[in-house]
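What shape does this take:
(chains A and B)
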There are 2 protein chains.
Amino acid sequence: MIIDIDVLQRNIATMSRIHPGAQLRPHMKATKCTSLAKMQVEAGHLSFTCATPREMIGMANAGLGSDLLLANESLDAVRLSAMAKLQDSSMITVAIDSDATLDAAVKAGIRNVLVDVNVGLPRCGVLPNLAGALADAARKRGLNVRGVMGYEGHLMMVSDKKDRQAKVAESMALLLQASADVGGEIISAGGTGTYDLHEHTGVTEIQAGSYSLMDTQYAQLNMPFGQAMWVVGTVISSSSSWSVADVGLKSLGMDHGNPSIDTQSVWFCSDEHITFATTSGDAPKVGSRIRVTPAHIDPTLAMHDVAWIVRGDQVIDRWSIDLRGW
Amino acid sequence: MIIDIDVLQRNIATMSRIHPGAQLRPHMKATKCTSLAKMQVEAGHLSFTCATPREMIGMANAGLGSDLLLANESLDAVRLSAMAKLQDSSMITVAIDSDATLDAAVKAGIRNVLVDVNVGLPRCGVLPNLAGALADAARKRGLNVRGVMGYEGHLMMVSDKKDRQAKVAESMALLLQASADVGGEIISAGGTGTYDLHEHTGVTEIQAGSYSLMDTQYAQLNMPFGQAMWVVGTVISSSSSWSVADVGLKSLGMDHGNPSIDTQSVWFCSDEHITFATTSGDAPKVGSRIRVTPAHIDPTLAMHDVAWIVRGDQVIDRWSIDLRGW
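Residues are numbered from 1 along each chain as shown, chains lettered A, B, ... in the order given. Presented below is the predicted three-dimensional model:
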């Protein structure tokens, strides 16, 4: 797996111009790499979104703990306690959406929470009209309630931008209603697919992650971010009609379908292979290298221990994808 | 990720009764775990199929190198040389399907090859009528040609068994034709989906791997192998209509679609979540544990560092998935 440092740098700079500083809370689930997060810190973002306790703890241990949000529910007493222990040196905030998750946070000694509000995606989050009561219960138990979050993940790929914008506005109206009941200064939402649709929603910070490396699915939305990550393979076999490279299901997240190869037509992936046909020009020779562009960056990155950092075709560094796993 | 040792043991024993000893060459791509391979050795199988050099080298280093086949093409001089260095203590055989892969094997000092024959799956393998010439070229350059292999992967999921059997017979006729031209004693083919369809095909050994742990896709074929592996999650959120557990795209191979949960209806997976509805009875409580059954075992297993070995609900051991990666 390779990352083009110049494209990555441009993507980070582009997003920082649109959402400077605390207006962006970069999501670590897409990248899981403290070396990459350090570039986001250098661009002025000190607050981060995490999906797992491992990401929270890893960011704090890397000295990137200014303001870490676990934008996910946890009932794991061991991991919540491990996060609580970091609170003297790091700002740790945990999402809650039920009495059970509130109780787990209190018992572990977590001090700061956000109320996670369901804004239409059938996943986590309390119903908007119940958010205030959960916030009251949290304050009664001594927690600091910093505000609300809600993820409009069901709207990321609405293809028409005007339609997407209208639906995001409706969804965020639910979050603002909850925010009025909950209080606190934070209204956190959004993702790479809706990063530019929150100007009038009242949202105070955007949780985007994929923008830094990108994938073929998000590329369909015509955003000002370039593809910065590929899985590199070698062509190991070829016939008169197709070629085969050694990049397969074990190095590519497949939930968004097949990956792409420039100037080639991908037929299918197997465990350790990708079969593709050449649509114009000569087929690549056996032994030649190809770049495979993933359809979904988040699970793809999570399959790799290491990113080779390139400038053009030159390898200049090696980053550990150090926040993988659980 | 957990593996039920009793179900695993039964699956291995069942397959060993049908294909004892060298009639089965268990495929390591499905399991990538030397601890599991040792159970297959204890059941009498001393020859193994590998998809990657890492699997070959790891098996040899674990003392499981009686007869290792890289059933895949490689042009990687470094890794081929690493395999060649193991040849004094291990039996190493590498598949070739072109002059380029033959050349790479010779240059690395590999002594034994199989000719990989295309039997209908658009992937690797030389055309059947060109197999003999490739074998002659290999012998001319001093290699020992042990025979042929061909993978009828396109036929694994033909749902009607009689239809599957007829198509496997046609496909294997191509392999036998190539075998007649190539010579050597090995005719290697098959997988879990066709393990019982080779009685009259002339094939000397079956390359099956998934049978030991199974998945929901192969379960559709009504085979005598039970589900032995699950990803365990915790229910972290629930609403009146759905529940959410913390098992997602980063712990499940998704190329065969959604995983399953007993007595639940799976709606979709996100990076770190699975959303599901309860079809009968009470929904699981927040905090309760569930077992998620993968749709495709091979890429699922490859995402996990560790398997927790259970007997019933008791954890009795911890295995490293030590042959992951490349």
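
Now do the helices in the stretch 1-150 of chain A.
Taking DSSP state H, counting those that start in this stretch, the helices of the stretch 1-150 of chain A run over residues A:5-18, A:34-42, A:53-61, A:77-84, A:99-108, A:131-140.

can you give me the strands in the stretch 51-200 of chain A?
With DSSP state E, counting those that start in this stretch, the ranges of strands along the stretch 51-200 of chain A come out as A:67-70, A:92-96, A:112-116, A:144-150, A:186-189.

Pick the most buried one from the helices of the stretch 1-150 of chain A.
helix A:53-61 (a mean of 22; mean count of other CB atoms under 10 Å in any protein chain shown). Glycine gets a C-beta too; all of them are placed from N, C-alpha and C.

between that helix and helix A:34-42, how big is the angle?
Helix A:53-61 runs at 60 degrees relative to helix A:34-42, counting by axes from the mean of the first three to the mean of the last three CA atoms, to 10 degrees.

Can you list the neighbours in contact with helix A:53-61?
Under the contact criterion CB atoms under 8 Å, 6 or more residues apart in numbering or on different chains, helix A:53-61 has outside partners A:28-29, A:32, A:34, A:37, A:48, A:50, A:65, A:68, A:70, A:74, A:76, A:79-80, A:82-83, A:86, A:89-90, A:92, A:322-326.

quick one on the thing from earlier: as a markdown table, the helices of the stretch 1-150 of chain A with distance to residue B:132 would be great.
Listed next are those as a markdown table, based on distance: least, CB to CB, whole Å:
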| stretch | distance to residue B:132 |
| --- | --- |
| helix A:5-18 | 48 |
| helix A:34-42 | 52 |
| helix A:53-61 | 54 |
| helix A:77-84 | 60 |
| helix A:99-108 | 66 |
| helix A:131-140 | 73 |
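
out of those, which comes closest to residue A:256?
Proximity to residue A:256 (CB to CB) singles out helix A:5-18 among the helices of the stretch 1-150 of chain A, at 19.1 Å.

Who are the packing partners of the closest one?
helix A:34-42, strand A:306-311 (3 or more CB pairs under 8 Å, 6 or more residues apart in numbering or on different chains; DSSP states H and E).

strands paired with the longest strand along chain A, and their directions?
Assignment by DSSP state E gives strand A:229-238 as the longest strand of chain A. Strand A:229-238 has the following sheet partners, assigned by DSSP bridges: strand A:2-4 (antiparallel), strand A:243-245 (antiparallel), strand A:289-292 (antiparallel).

can you give me the offset of the first one from its chain's centre?
On the basis of CA atoms, centre = their mean, to the nearest Å, the separation between the geometric centre of strand A:2-4 and that of its chain is 17 Å.

Which positions in it come out as buried?
Of the residues in strand A:2-4, A:2, A:3, A:4 count as buried by neighbour count, 16 or more other CB atoms under 10 Å in any protein chain shown.

how about a markdown table for the helices of the stretch 1-150 of chain A, with mean pLDDT added?
Below are the helices of the stretch 1-150 of chain A laid out as a markdown table (pLDDT from 0 to 100):
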| stretch | mean pLDDT |
| --- | --- |
| helix A:5-18 | 98 |
| helix A:34-42 | 98 |
| helix A:53-61 | 98 |
| helix A:77-84 | 98 |
| helix A:99-108 | 98 |
| helix A:131-140 | 98 |
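
Between those helices, which one is closest to residue A:239.
Closest approach to residue A:239 among the helices of the stretch 1-150 of chain A is made by helix A:5-18 (33.6 Å; CB to CB).

For the closest one, report the contacting residues that lie outside it.
Here helix A:5-18 makes contact (CB under 8 Å, 6+ apart) with A:24, A:36, A:39-40, A:43-45, A:195-196, A:208, A:211-214, A:224-228, A:309-311, A:316-317.

let's see it at 10 Å
Residues outside helix A:5-18 that contact it (CB atoms under 10 Å, 6 or more residues apart in numbering or on different chains) are A:4, A:23-24, A:26, A:31, A:36, A:39-40, A:42-45, A:192, A:195-196, A:199, A:206, A:208, A:210-214, A:223-229, A:307, A:309-312, A:316-317, A:319.

Now list the buried members of those.
The neighbour-count test (16+ other CB under 10 Å) marks A:4, A:23-24, A:26, A:31, A:36, A:39-40, A:43, A:45, A:192, A:195-196, A:206, A:208, A:210-214, A:223, A:225, A:227-229, A:307, A:309-310, A:319 as buried among the contacts of helix A:5-18.

picking up where we left off before, any idea which of the strands paired with strand A:229-238 is most buried?
strand A:243-245 (a mean of 26).

What parts of the stretch 51-200 of chain A come near chain B?
A:51-52, A:55, A:71-76, A:95-101, A:103-104, A:116, A:118, A:121-127, A:151, A:153-154 (CB under 10 Å from any CB of the partner chain).

Which PyMOL command selects the buried ones in those residues?
In PyMOL syntax, the buried subset of those is picked out as below (16+ other CB under 10 Å):
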select buried, chain A and resi 51+52+55+71+72+73+74+75+76+95+96+97+98+100+101+103+104+116+118+121+122+123+124+125+126+151+153
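
where does the residue of chain A positioned farthest from its centre land in three-state SS?
Note on chain A: the largest C-alpha distance from the chain mean falls to residue A:240, namely 40.5 Å (CA atoms, centre = their mean). Here residue A:240 takes the coil state, with states given by DSSP: H, G, I helix; E, B strand; the rest coil.

Quick check, it in contact with residue A:283.
Yes - contact criterion CB atoms under 10 Å: residue A:240 and residue A:283 qualify, at 8.9 Å.

quick one: common contacting residues for those two?
Where contact means CB under 10 Å, 6+ apart, no residue is in contact with each of residue A:240 and residue A:283.

any idea how far chain B is from residue A:211?
With distances taken as CB to the nearest CB, to the nearest Å, residue A:211 is found 15 Å from chain B.

In a strand, that residue, correct?
No - read with three-state DSSP, residue A:211 is helix and lies in no strand.
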